[in-house]
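**Student:** let me see the structure of the following:
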Amino acid sequence: MNHTGGNTGIIAPKVFIISMFEPESEAWKTSMVESGTGNLNDSKIDVPGLSMLYPQVLCTADKAVCQLTAGEGEINAAASVMALVLSDKFDLRQTYFVNGGIAGVNPKYSTLGGVALSRYVIQVALQYELDAREKPDNFSTGYFGYGTKGPNEYPTTIYGTEVFEVNEALRDAAYGFAQKAELSDSTVVADYRAKYKEAGSEYAAATGLPNVVRCDTATSDVYYSGTWLSEAFETVTKVWTNETGKYCMSAQEDNAVLEVLVRGAIQRLVDFSRVVVMRTGSDFDRPPPNVTAYQHLLEDQNGFPTAVANLGKAGVEIVQGILQGWEQTFQKGIKPTNYIGDIFGSLGGQPDFGPGSQTNGTGYAAAPVQRRAHMRTRGRGGASVVRRRI
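**Tutor:** Okay, the predicted model is just below:
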């Protein structure tokens, strides 16, 4: 398959970059040009249904690499990516999606300007919430899963977007490519990182230079800050991934993007095994010692310029790796060795988290009509998949 779909005029990119807002997209453009990979401004395609702020898809001259700027937040991201997936201007069946943006960073695992590649993304705010001033005294947090009666229990009311798992083998290949990047840093960023030295070994990662790590992303439209909330969502990540996930980055859009790609994969419009999730740390999710959460939220940590720069620097290495290895490796794809998909098992197989496949492992497309109807009322093992109160 060539980049323009033969004589049809349909564009078939090898790599599709998904950005969230303009500073991220500009970082990709800069790194693409500086690395000689191509100019994303060479071709601009109007696509109905994209964000009013970013109504065009941008592509290199040969259409091998394209970029969508989805808009910030889960609603914008879902609407824009769905418009892309359903557009008749693109053939995305062999396309690799690099979903990349900046994020809050957990000082236990990374630092300002650090790069993380994820296997899991977790929609941590999809829970009951009590104001912390009104929570029971024995609750560690005001957040607890739907259908449960307290924190640290697995939700029994399932929406389907709680957890996604992507191709770990592809994630590891992307990790290898990203490590080649010469990451940016600055003295003002180093100054803020140094504030975490007093915390000792627990926050040792926060005090180091930016590097590339493998850990997971928490999605929330709420921009949270503080040790209590961050540690609560660390625990949610562990519980909801059966103790496998490690929360290190917080973002707003990833679960929305992956839900659309799962639905596209059910219809064979995209290949969910070709998804990379990357985030770079622009600000710490919790304060250093002797700083309040409120002070920390308002203070400029100076990580934003470094984070967007390293997004492009690490990201372009992944793009180049896919392009250069296309004939030998990436055209045929990297076979997953782990489960991939959502908490329902919509693409087939058995999730290694949650209540198990809702279609007995067949996936939604292959499931009998009766089993599809069953998904709307009861999940395997008795987990309700309809909204109910406690």
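
**Student:** can you give me the helices for the protein?
**Tutor:** Along the chain, the segments classed as helices by DSSP state H run 22-34, 74-86, 168-178, 187-194, 204-207, 227-240, 254-266, 293-298, 304-324, 369-375.

**Student:** could I have the CA atoms of stretch 291-310 written out in PDB?
**Tutor:** Below are the C-alpha coordinates for stretch 291-310, written out as PDB (Å, rounded to 0.1, in the frame of the first residue of the first chain):
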ATOM      1  CA  VAL A 291       5.400  23.500  49.900                       C
ATOM      2  CA  THR A 292       1.600  23.300  50.000                       C
ATOM      3  CA  ALA A 293      -0.400  21.800  47.200                       C
ATOM      4  CA  TYR A 294      -1.900  25.200  46.500                       C
ATOM      5  CA  GLN A 295       1.400  26.900  46.300                       C
ATOM      6  CA  HIS A 296       2.700  24.200  44.100                       C
ATOM      7  CA  LEU A 297      -0.200  24.400  41.700                       C
ATOM      8  CA  LEU A 298       0.200  28.200  41.300                       C
ATOM      9  CA  GLU A 299       4.000  28.300  41.100                       C
ATOM     10  CA  ASP A 300       5.600  28.200  37.700                       C
ATOM     11  CA  GLN A 301       7.800  25.000  37.700                       C
ATOM     12  CA  ASN A 302       9.300  26.100  34.300                       C
ATOM     13  CA  GLY A 303       8.900  22.600  33.000                       C
ATOM     14  CA  PHE A 304       6.500  23.400  30.100                       C
ATOM     15  CA  PRO A 305       9.100  24.500  27.500                       C
ATOM     16  CA  THR A 306      11.300  21.500  28.200                       C
ATOM     17  CA  ALA A 307       8.300  19.100  28.100                       C
ATOM     18  CA  VAL A 308       7.100  20.200  24.700                       C
ATOM     19  CA  ALA A 309      10.600  20.200  23.300                       C
ATOM     20  CA  ASN A 310      11.300  16.700  24.500                       C
END
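
**Student:** buried residues, it. List them.
**Tutor:** 293, 296, 301-310 (16 or more other CB atoms under 10 Å). Using the backbone N, CA and C atoms, a C-beta is placed for each residue, glycine as well.

**Student:** lowest-pLDDT helix or strand in the chain?
**Tutor:** When each helix and strand of the chain is scored by mean pLDDT, DSSP states H and E, helix 369-375 comes last, with a mean of 58.

**Student:** can you tell me the closest non-neighbouring residue to Asp131?
**Tutor:** Leaving aside its chain neighbours, Asp131 sits nearest to Gly142 (6.2 Å; criterion: CB to CB, 6 or more residues apart in numbering).

**Student:** OK, contacts around the one you found?
**Tutor:** Gly142 makes contact with 129-132, 134-135 under the criterion CB atoms under 8 Å, 6 or more residues apart in numbering.

**Student:** for Gln350, grab the count of nearby residues.
**Tutor:** By the criterion of other CB atoms under 10 Å, Gln350 has 13 neighbours.

**Student:** swap that for Thr227, please
**Tutor:** When counting by other CB under 10 Å, one arrives at 13 neighbours for Thr227.

**Student:** check Glu22 too.
**Tutor:** For Glu22, the count of nearby residues is 12 (other CB under 10 Å).

**Student:** mind checking how far it is from Ser51?
**Tutor:** As judged by CB to CB, to the nearest Å, Glu22 and Ser51 stand 11 Å apart.

**Student:** also Leu229?
**Tutor:** Computed as CB to CB, the Leu229 to Ser51 distance reads 29 Å.

**Student:** same deal with Asn310?
**Tutor:** Separation of Asn310 from Ser51 (CB to CB) stands at 24 Å.
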